[in-house]
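Trainee: Pasted the sequence and its predicted model underneath.
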Amino acid sequence: MSEDRLYPNLAIDTMVAGLDLESPALPEPPTPLSPEEEEDSPPEHPLLSKIKSKIVNEIQQEQLEILRGIEPKYDNKLYNLQQSAPKPRSVKARYQDDDKPSYYGDEYHGMLKRPEVDRLLGTKDGNYIVRESMTKPGKYSLSFVYDGAVRHFILGYKDGQHIIGDKSFESIDTLVHDGLISFHVAKHGVDQIIAKSITLRRIHKRKAPPPPSAPPIEDEITDEESGEEEDEETDGKNADRVELRVKRNKNMRKTVRVSEYFELSRAVEKKHNFKKHTYYGFPFCDYCSNYMWGLSQQGCQCVDCGQNCHHQCAEQAPPDCKPSAKLISKVFGVDLTTVVMMNNTENIPAVLHKCFHVIEKIGLEKQGIYRVNGSHDDILRYKEMMNKNASLSVLESADLFVLCSLTKMFLRELPMPLITYDAYQPFIDGNSLFDHDNRVGQTKNAIRILPSCHFFTLRALTQHLNTVSKMSDKNQMTAENLAIVFGPTVFRTEVLTAENMMADLNAQKSVMKFLIDHCWRLFA
């Protein structure tokens with residue numbers, strides 16, 4: 001007989017009542033009994049005493065770990081629940097149907113009505129059968145019992161796999177077992193177990209010592225506060241500033257440039273790229289530390305950093321993905337933020353930074369720069385070397401036009417364009433403004449929508465193209481010519497059709513030219 005049957009009043013919830021999630025503290029010891037009370041009280045069963053002692057010790061140890069900043073350990077409650085789930089048991093057909101599909105066995109019963117299914121299965125958890133639909137011949141259903149109730153599911157088959165919903169299994173028995181586990185875990189409060197674990201991890205983060213912060217930035221008193229007037233000839237520098245209120249003193253303001261605004265307010269963040277994943281062995285969730293139950297597609301795995309999560313936890317996971325070069329096999333065609341974080345580079349991809357540097361070193365005066373394409377075979381060869389993490393020094397020996405083509409190819413193959421979809425329309429709207437100062441303000445507002453890595457990469461690109469255009473008397477590539485080349489590459493709509501591409505083509509070219517001509521002011 002199990003311990004919980006011996007002592008039904010010994011509920012786990014009662015035992016952990018002393019655990020305060022908001023302010024963790026060790027539970028106070030019980031008030032000792034007087035000698036008279038000890039004599040009158042009946043002796044405690046040794047098994048009950050052992051259980052109480054074990055639970056109190058676990059609570060104290062867990063809270064001590066939180067107070068000391070130790071990460072909560074993996075929890076096996078869900079694994080124990082999975083082990084206690086009912087086991088599948090097929091109800092074999094009395095007579096075999098010669099016309100049944102070859103991939104079904106004795107569990108196939110042909111066409112049956114619901115009442116007959118209920119009679120065959122009874123109320124024993126785990127019983128299951130497969131039958132053919134009476135209303136849709138050629139379609140099949142799976143029925144099994146859990147918690148005394150019969151449950152019915154549409155059953156599919158493809159490429160040797162039995163399919164229910166978005167899950168596939170090699171055998172019906174494994175499929176039913178996975179379903180029984182899911183129902184059993186859900187019945188016993190999986191959401192509450194995960195929520196409690198997440199709360200404990202948040203307590204741990206609050207109690208852990210904060211990471212060393214950057215040195216404080218001194219507050220700059222504006223001209224308005226100091227009473228001094230700024231010289232009118234400031235070359236637009238005053239327009240390049242964004243005023244940010246300092247909360248600790250409402251009468252003090254801090255003035256920073258647009259680039260400083262990104263440095264101060266936007267740390268590089270990346271959302272996890274979760275995909276459904278089937279695990280083997282004993283998988284645990286990296287977010288809530290609980291076991292990932294089931295037999296197929298138990299959770300999600302980030303394809304960029306390898307983090308594993310329950311499906312529920314994946315929706316709450318913070319944007320703290322740290323891409324690993326071991327999991328990402330290429331550089332071209334990868335999200336910009338992923339490339340930057342994977343290579344630990346400063347704000348822009350290393351391959352772009354190297355291309356800009358070599359091009360400015362050897363080819364600013366060469367006619368046709370960015371207009372003439374390089375050798376197709378050489379372009380693919382250097383692209384393959386970059387994807388295989390070759391040294392960037394190999395680009396120093398590349399042909400100028402090959403480097404220019406590599407730059408355009410890298411930007412063209414970005415999954416999310418350099419001008420992101422949500423920033424696309426604000427950039428295009430600025431093109432319709434005739435007043436120069438208003439257009440500058442609208443363009444700056446659009447620039448601030450960009451993610452951090454997109455901002456710094458666009459700044460590096462436009463400043464590089466501005467340098468190229470200054471040598472247009474020799475290379476024949478003015479800002480307008482460069483805008484014709486890069487406009488469709490940098491600006492892309494989410495839905496690409498010939499109609500919307502042609503509609504915005506002139507606007508894209510005009511905005512790109514404006515960015516190149518005024519990059520030092522827009523990105524100051």
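Mentor: Now that the structure is in, tell me what you want to look at. What you see is a predicted model; the values in this text were computed from it and never measured. Numbers count the residues shown, from 1 in each chain.
Trainee: which residues in the protein form strands?
Mentor: Ranges of strands in the chain, per DSSP state E, are 89-90, 108-111, 127-132, 140-146, 149-158, 161-164, 167-169, 241-245, 253-257, 274-277, 299-302, 308-309.
Trainee: To Trp293, which of these lies closest?
Mentor: strand 299-302 (9.2 Å; Cβ to Cβ). Where C-beta positions appear, they are placed from N, C-alpha and C, glycine not excepted.
Trainee: Can you work out which other helices and strands pack against the closest one?
Mentor: strand 274-277, strand 308-309, helix 311-314 (3 or more Cβ pairs under 8 Å, 6 or more residues apart in numbering; DSSP states H and E).
Trainee: Please work out which of those is packed deepest.
Mentor: strand 308-309 (a mean of 21; mean count of other Cβ atoms under 10 Å).
Trainee: what's that one in contact with?
Mentor: Here strand 308-309 makes contact (Cβ atoms under 8 Å, 6 or more residues apart in numbering) with 272, 274, 277, 279, 283-287, 292, 299-302, 317.
Trainee: Out of those residues, grab the one that's most surrounded.
Mentor: Most neighbours among the contacts of strand 308-309, by other Cβ atoms under 10 Å: Cys285, with 27 neighbours.
Trainee: That one contacts Cys300, doesn't it?
Mentor: No: counting by Cβ atoms under 8 Å, Cys285 does not reach Cys300; the two are 9.5 Å apart.
Trainee: shared neighbours of the two, which are they?
Mentor: Any residue near both Cys285 and Cys300 by Cβ under 8 Å, 6+ apart counts here, and that gives 308-310.
Trainee: ok, back up a step: export the helices and strands packed on strand 299-302 to CSV and tack on mean pLDDT?
Mentor: Below are the helices and strands packed on strand 299-302 laid out as CSV (pLDDT from 0 to 100):
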stretch, mean pLDDT
strand 274-277, 87
strand 308-309, 87
helix 311-314, 84
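Trainee: Indicate which one of those is closest to Val372.
Mentor: Of those, nearest to Val372 by Cβ to Cβ is strand 274-277, at 40.8 Å.
Trainee: Tell me how far the closest one lies from the chain's centre.
Mentor: Mean-position distance between strand 274-277 and its chain equals 10 Å (Cα atoms, centre = their mean, to the nearest Å).
Trainee: Determine the set of other helices and strands touching that strand.
Mentor: Using 3+ Cβ pairs under 8 Å, 6+ apart as the contact test, the elements touching strand 274-277 are strand 299-302.
Trainee: Output the strand it packs on in CSV with nothing but the alpha carbons.
Mentor: Provided in CSV are the C-alpha atoms of strand 299-302 (Å, rounded to 0.1, in the frame of the first residue of the first chain):
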residue,chain,number,x,y,z
GLY,A,299,8.6,20.6,-26.6
CYS,A,300,10.3,23.2,-28.7
GLN,A,301,14.0,23.7,-29.4
CYS,A,302,15.6,27.0,-30.5
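Trainee: Give the pairing partners of that strand; include direction for each.
Mentor: If you go by DSSP bridges, strand 299-302 pairs up with strand 274-277 (antiparallel), strand 308-309 (antiparallel).
Trainee: Let me know which of these is the nearest to Gly105.
Mentor: Across the strands paired with strand 299-302, Gly105 has its closest neighbour in strand 274-277 (27.8 Å, Cβ to Cβ).
Trainee: Show me the shaky parts of the stretch 401-524 of the chain.
Mentor: The stretch 401-524 of the chain contains residues with pLDDT under 70 at 496, 498, 500-501.
Trainee: Could you pull out the helices in it for me?
Mentor: 421-430, 436-447, 452-469, 472-475, 479-490, 498-503, 505-517, 519-522 (DSSP state H, counting those that start in this stretch).
Trainee: can I get those in CSV with mean neighbour count?
Mentor: Below are the helices of the stretch 401-524 of the chain laid out as CSV (neighbours: other Cβ atoms under 10 Å):
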stretch, mean neighbour count
helix 421-430, 18
helix 436-447, 17
helix 452-469, 21
helix 472-475, 14
helix 479-490, 21
helix 498-503, 10
helix 505-517, 21
helix 519-522, 18
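Trainee: Reformat these as CSV; add distance to Val190.
Mentor: As requested, the helices of the stretch 401-524 of the chain are exported to CSV (distance: least, Cβ to Cβ, whole Å):
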stretch, distance to Val190
helix 421-430, 36
helix 436-447, 45
helix 452-469, 37
helix 472-475, 65
helix 479-490, 46
helix 498-503, 46
helix 505-517, 50
helix 519-522, 51
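Trainee: Quick one, which of these gets closest to Ser329.
Mentor: Across the helices of the stretch 401-524 of the chain, Ser329 has its closest neighbour in helix 452-469 (20.2 Å, Cβ to Cβ).
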